[in-house]
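A.B. asks: give the three-dimensional model of this entry:
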Amino acid sequence: MTTTRTPAASRFQPIDPQPDDCQSMLNQTNKTLARIRAELLTTFSAADWESYNHLVRWLRDTDVASHALKVGDGAPNFLLPDADGRLHSSERLRRKGPLVLSFFRGGWCPFCTAELCALQAAKDEFESIGATLAVVTPETRDFPRQLKRSLGLDLKVLSDVDYGVAISYGVLFRVPDETKAHYSRLGFDFGARHGSPEWMLPIPATYVIDADGQIRSAFVEPDFTIREEPTQILAALRQAASTSE
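C.D. replies: Numbering: from 1, shown residues only. Sure thing, here's the model as predicted:
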């Protein structure tokens, strides 16, 4: 597993990843993402807690997660560019085995960067059982490339241009005004980062999709601080493999 970045200040603040952030996480492999979450939560300011609680409560009250695809559903096909502009089709990604598809909010979110570093640390294990790993972000322009370079990632980071894939998986939501105001005060313009005037974000979600395009495992969590552990994803992959034999 991997662990957390050290906050740049004495309180939580979403910032763009810096060089060596991921390496510092990879050097602390005894920590799970749950433990990282607990540590990051201790850095929240009063304003962070207010924004966090409002967003999670709003997502649960509006039941956004109920629209997400579930186990047994067919996974929509897609064609997305990676950080270097190369196009990747979902059909090709799962040609040799199952596809692990993880939606994350962006490189500005420390919970996302912790998850990405955890996936990077477990990448060899995924590949050893024949799985392909791809992560999907609404960020466009040069942000995915900067993210890979800053964190030293060797992952397929795909840009969900115009939010089409997140919509098809049912994990996209329009950022409520209170949340937009909070992140604006922190200096973020998601419209500019996403190449769209609409402020939209995905609920963090991870899917295991078999070679035939059927969803075998689904983790969808409205609380953006909670992510699926790589060990849980690997267990879902092994279970899917055993039931398909």
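A.B. asks: and the next element down the chain from the top helix by length along the chain?
C.D. replies: Using DSSP state H, we find that the single longest helix of the chain is helix 46-61. Using DSSP states H and E, the helix or strand that follows helix 46-61 in sequence is strand 79-81.
A.B. asks: before we move on, back to that, next one: the longest helix of the chain to chain centre, how far?
C.D. replies: Computed by Cα atoms, centre = their mean, to the nearest Å, the chain-centroid distance of helix 46-61 equals 19 Å.
A.B. asks: ok, now stretch 195-203?
C.D. replies: Worked out by Cα atoms, centre = their mean, stretch 195-203 lies 14 Å from the chain centre.
A.B. asks: in it, what's buried?
C.D. replies: W199, M200, L201, P202, I203 (16 or more other Cβ atoms under 10 Å). C-beta here means a position set from N, CA and C on the backbone, and glycine is covered the same way.
A.B. asks: tell me the pLDDT of the second one.
C.D. replies: Read that as M200. We have a pLDDT of 96 for M200.
A.B. asks: where's it relative to Q239, distance?
C.D. replies: Distance, M200 to Q239, using Cβ to Cβ, to the nearest Å: 33 Å.
A.B. asks: now do the third one
C.D. replies: As defined by Cβ to Cβ, L201 lies at a distance of 30 Å from Q239.
A.B. asks: swap in the last one?
C.D. replies: Taking Cβ to Cβ as the criterion, I203 is separated from Q239 by 23 Å.
A.B. asks: which stretches in the chain count as helices?
C.D. replies: 21-26, 33-41, 46-61, 90-93, 110-121, 123-128, 143-151, 164-169, 177-185, 190-194, 230-243.
A.B. asks: do you know how far the spatially most central residue of the chain is from D162?
C.D. replies: Geometric centre of the chain, nearest residue: F104, 2.2 Å, by Cα atoms, centre = their mean. Relative to D162, F104 is positioned 17 Å away (Cβ to Cβ).
A.B. asks: one more: V64?
C.D. replies: On the measure of Cβ to Cβ, V64 and D162 end up 19 Å apart.
A.B. asks: the two - which one has more neighbours?
C.D. replies: Remark: of V64 and D162, V64 carries more neighbours, 18 against 15, as counted by other Cβ atoms under 10 Å.
A.B. asks: show me what contacts the more buried one?
C.D. replies: Contacts for V64 were tallied using Cβ atoms under 8 Å, 6 or more residues apart in numbering; they are F173, I203, P222.
A.B. asks: tell me the pLDDT of it.
C.D. replies: For V64, the predicted pLDDT is 95.
A.B. asks: and P7, by the same measure?
C.D. replies: Value for P7, per-residue pLDDT: 31.
A.B. asks: who's in contact with stretch 170-180?
C.D. replies: Contacts of stretch 170-180 (Cβ under 8 Å, 6+ apart): 51, 54-55, 58-59, 62, 64-65, 67-69, 103, 163, 166, 183, 190, 198-203, 205, 220.
A.B. asks: which strands or helices does the longest helix of the chain pack on?
C.D. replies: helix 177-185 (3 or more Cβ pairs under 8 Å, 6 or more residues apart in numbering; DSSP states H and E).
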